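*Asks:* With the sequence up front, the predicted model follows.
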Number of protein chains: 2
Amino acid sequence: MNVMNDSPRRKELTRQAAQLFVQAGFDRTTVRMLAQEMGIKSGSLFHHFRDKQEILTAVIEEGTQNALIIAKAALDQCDNSAEARLQAMARAHLETLLTDRNAHVVALYEWRRLDPEARDHLSHLRDAYEALWEAVIDDALAAGLIHGDRFLVARFVMGALNWTVRWYDPAGPRSPDDLAHELIAMITHRSA
Amino acid sequence: MNVMNDSPRRKELTRQAAQLFVQAGFDRTTVRMLAQEMGIKSGSLFHHFRDKQEILTAVIEEGTQNALIIAKAALDQCDNSAEARLQAMARAHLETLLTDRNAHVVALYEWRRLDPEARDHLSHLRDAYEALWEAVIDDALAAGLIHGDRFLVARFVMGALNWTVRWYDPAGPRSPDDLAHELIAMITHRSA
DNA sequence: GATTTACACTAGCGCTTGCTTGGTTGACCC
DNA sequence: GGGTCAACCAAGCAAGCGCTAGTGTAAATC
């Protein structure tokens, strides 16, 4: 009835929960459904999580932290040019969105189901991620690669990317790399 | 316990339901909450709607139909140039998104709560709307205003626009017109 | 060998949910 | 002035919900 560490067991349970949250939505996923998917009884679930809310928080936290790590790594490894960084960031974003898909779909759709404290905590993580984007976009603006208001450009780009979870089919002909390329081509102003 | 016409009373009830769906989400909005907002008792609600699902369907249908009407009107009234049509379409999209906001937020967030038949019916409406976008984008491609894959460009643009419901503040300094302008400027390839 | 710990179980409490039933009201109609 | 009908109400049912209490047990720790 307590314990809130981050054991490997808990990580696995979190991953399974994410899957169900995507399929049915948070509110329609019952603790009994979660328990069954995890191979335990509903009562045992509360040994690992304080309450159902905490499962949602764990799912979103995991996904956002991964995104942050991957984006930072991508920026570290790429060329220093504004265009390369823009490209790397877009590709990293799409890759997390598609490999770690469940967690991100949950983060996008079920954010409002978080209670205020969890939302406050997680929005700091999200802000850290968006700060990466704004830095990259500032560089691109300074390099004359794109034009416009940095706030608006950042939000338009992230909107276009996040929206992909609604229509992108990983089994289709387009790779995440293709998408990133196409998007960057669309917004950069060179001779084309 | 029956009746499913589209009386003016039902229209008004639908509008009020949309508001609650936005505030609390579909699943957390109880029929008792809906009834109270409407000034009736929960049982009476089922005189106007077959079940709770039908209220959701009504909300989304109303919003999508309005968007279609407004977009068509905007295209009829604007210049015939590819750029003017692109601009008009983006502005119309943002205006519906912001004036008829409740219904659209519900459509974006609660789409997956629709049962299969309703989803099938409504996706035809949505397809009709998206077809307008693809026609406009085809024109813009043909005019050399933008470059790239028509499918991808359409989805990127709609993603950027739809995402605005997450961050746009109507009380802020930017008008829908500003947003439309900035977005079009970002994706069109002229000398800038 | 005794104690603790981690994890799971059974059983069910208290509450809310969507929806139904059977009946009342007042406006309109011939 | 009896009949019709949309609109509403009071009362409550059956099901499902999140969560708790108390117990069992095998492995780890002392």
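*Replies:* Cool, the structure landed.
*Asks:* Chain A against DNA strand D: which residues are in contact?
*Replies:* A:1, A:29-32, A:42-43, A:46, A:51-53 (Cβ under 7 Å from any atom of the strand). All C-beta atoms are positioned from the backbone trio N, CA, C, and that covers glycine.
*Asks:* Among those, name the buried ones.
*Replies:* The neighbour-count test (16 or more other Cβ atoms under 10 Å in any protein chain shown) marks A:29, A:31, A:46, A:52 as buried among the residues of chain A next to DNA strand D.
*Asks:* Return the closest of those with respect to DNA strand C.
*Replies:* A:Phe46 (7.6 Å; Cβ to the nearest atom of the strand).
*Asks:* which residues of chain A score low on pLDDT?
*Replies:* For chain A, applying pLDDT under 70 flags the ranges A:1-6, A:190-192.
*Asks:* Swap in 90 and give it another go.
*Replies:* The model of chain A has pLDDT under 90 over residues A:1-12, A:42-43, A:97-99, A:170, A:188-192.
*Asks:* what about the residue of it found nearest DNA strand C, distance to A:Leu34?
*Replies:* Closest approach between chain A and DNA strand C, counting by Cβ to the nearest atom of the strand: A:Gly43, at 2.7 Å. According to Cβ to Cβ, to the nearest Å, A:Gly43 stands 12 Å off from A:Leu34.
*Asks:* Then A:Glu110?
*Replies:* In terms of Cβ to Cβ, A:Glu110 sits 14 Å off from A:Leu34.
*Asks:* what do you get for A:Gly25?
*Replies:* For A:Gly25, the distance to A:Leu34 equals 13 Å [Cβ to Cβ].
*Asks:* do A:Tyr129 as well
*Replies:* In this view, A:Tyr129 and A:Leu34 are 27 Å apart by Cβ to Cβ.
*Asks:* Which one's more surrounded, the two?
*Replies:* A:Leu34 (21 against 17; other Cβ atoms under 10 Å in any protein chain shown).
*Asks:* how about the buried ones among the residues of chain A next to DNA strand D, which pair is most distant?
*Replies:* With Cβ to Cβ as the measure, no two of these lie farther apart than A:Thr29 and A:Phe46, at 15.3 Å.
*Asks:* And for the nearest residue to A:Leu97 once chain neighbours are set aside, the neighbour number?
*Replies:* Counting by Cβ to Cβ, 6 or more residues apart in numbering or on different chains, A:Leu97 lies nearest to A:His104, which is 5.3 Å off, once chain neighbours are set aside. Using other Cβ under 10 Å, A:His104 has 24 other residues around it.
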